[in-house]
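K.L.:
Using only what follows, build the 3D model:
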Amino acid sequence: METYVLVPGAWHGAWSWRPVAHRLRARGHRVFALTLPGLDDGDDPRRFELADTVDFVAGFLDANDLTDVTLVGHSWGGYPVFGAAHRVPRRLRRLVFHNAFVPQDGVPLVDDVPPGHAALFRQLARESGDHSVVLPYQVWQDAFAQETPEPARKLLYDLLVPQPMSYFEQPMDAPALSSLGLPVSYLAGEADLAMPPGEYAWCPRFPDRLGVEPSEVPGDHEAFLTRPDAFVAVLEKERQKS
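P.N.:
Residues are numbered from 1 along each chain as shown. Presented below is the predicted three-dimensional model:
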């Protein structure tokens, strides 16, 4: 049995990990899925800073006295996972980044995405009235969930919550994870277009920052949710390697 703590990406909450969590529990694992501060329904995005998410993940592990944890982060969730790993490495067994950002020291996410993405985020935050970002449906449809069937795609979109823009604007201290001596995996979606092909693609950029070779998983950016059997199969293979 392994203990998994699952950290969602931008606009998502613990609900997005439920299909994966259900399958992992059926295999005998202990699983916790988190909804981070600022991403609960009704949260005021103006109240939160990126450090709050790191505090929350590290505090959750401490408060529940969890040890030998496999900490999994999706997409933007790579930021709180990275930060928490440095805060409580004694509680961790390994780290898994799934099409996730791997922070660079002092570089905010808005400076680590294509300029067009950054301009869109800033525009949406200005227009929001509460300094948050909500993706337009067309962007979501074309880049995040292009392989997800239309009825499910619309339902998932309606479940997304506003993302505090501060989470994209604020950098973090990001010393190399290699200093922690923890096994690290990077799971790369074969059809994930949330970061477009080219200079800003997920791979090899982020696996290279970790010093690992990525393992491929099928589907688009939401495939961990829409194709959980395939995702869990790859996750279990990674577990057997470590």
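K.L.:
give me the beta-bridge partners of the residue nearest to the spatial centre of the chain?
P.N.:
In the chain, the C-alpha nearest the mean C-alpha coordinate belongs to H74, at 2.3 Å (CA atoms, centre = their mean). Taking DSSP bridges as the rule, H74 bridges to H98.
K.L.:
going forward, begin numbering at 108 instead of 1
P.N.:
Right, with 108 as the first residue, what we last looked at is H181.
K.L.:
what's it in contact with, if anything?
P.N.:
By CB atoms under 8 Å, 6 or more residues apart in numbering, H181 lies in contact with L113, V114, P115, G116, H119, S123, H205, N206, A207, F331. C-betas here are computed from N, CA, C, even on glycine.
K.L.:
again with G296
P.N.:
H205, N206, W309, E323, V324, P325, G326, D327, H328, A330.
K.L.:
Restricted to helices, list these.
P.N.:
Using DSSP state H, A330 are the members of these that sit in helices.
K.L.:
Filter the contacts of G296 down to the buried ones.
P.N.:
H205, N206, W309, V324, G326, D327, H328, A330 (16 or more other CB atoms under 10 Å).
K.L.:
Now do the residue nearest to the centre of the chain, the pLDDT please.
P.N.:
Note on H181: pLDDT of 98.
K.L.:
Could you do S349 as well?
P.N.:
71.
K.L.:
residue ranges of the helices in this protein, please?
P.N.:
Secondary structure of the chain (DSSP H): helices at 125-133, 157-170, 185-194, 222-235, 244-246, 257-266, 273-276, 312-317, 330-333, 335-348.
K.L.:
Any chance of the ones you listed in a markdown table with distance to L146 as columns?
P.N.:
Compiled in a markdown table, the helices of the chain are given as follows (distance: least, CB to CB, whole Å):
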| stretch | distance to L146 |
| --- | --- |
| helix 125-133 | 15 |
| helix 157-170 | 9 |
| helix 185-194 | 11 |
| helix 222-235 | 15 |
| helix 244-246 | 19 |
| helix 257-266 | 11 |
| helix 273-276 | 9 |
| helix 312-317 | 22 |
| helix 330-333 | 15 |
| helix 335-348 | 20 |
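K.L.:
Nearest approach to P215 belongs to which of those helices?
P.N.:
Closest approach to P215 among the helices of the chain (CB to CB): helix 273-276, 5.3 Å.
K.L.:
Could you list the residues in contact with the closest one?
P.N.:
Contacts with helix 273-276, where a contact means CB under 8 Å, 6+ apart, come from 117, 145, 152, 155-157, 160, 183, 186, 215-217, 228, 238, 240.
K.L.:
rerun at 7 Å
P.N.:
Residues outside helix 273-276 that contact it (CB atoms under 7 Å, 6 or more residues apart in numbering): F155, E156, L157, T160, W183, P215, L216, V217, F228, H238, V240.
K.L.:
again, but for stretch 159-177
P.N.:
The contact list for stretch 159-177 (CB under 7 Å, 6+ apart) reads 109-112, 114, 141, 143-145, 187-188, 190-191, 194-195, 198-201, 203, 274.
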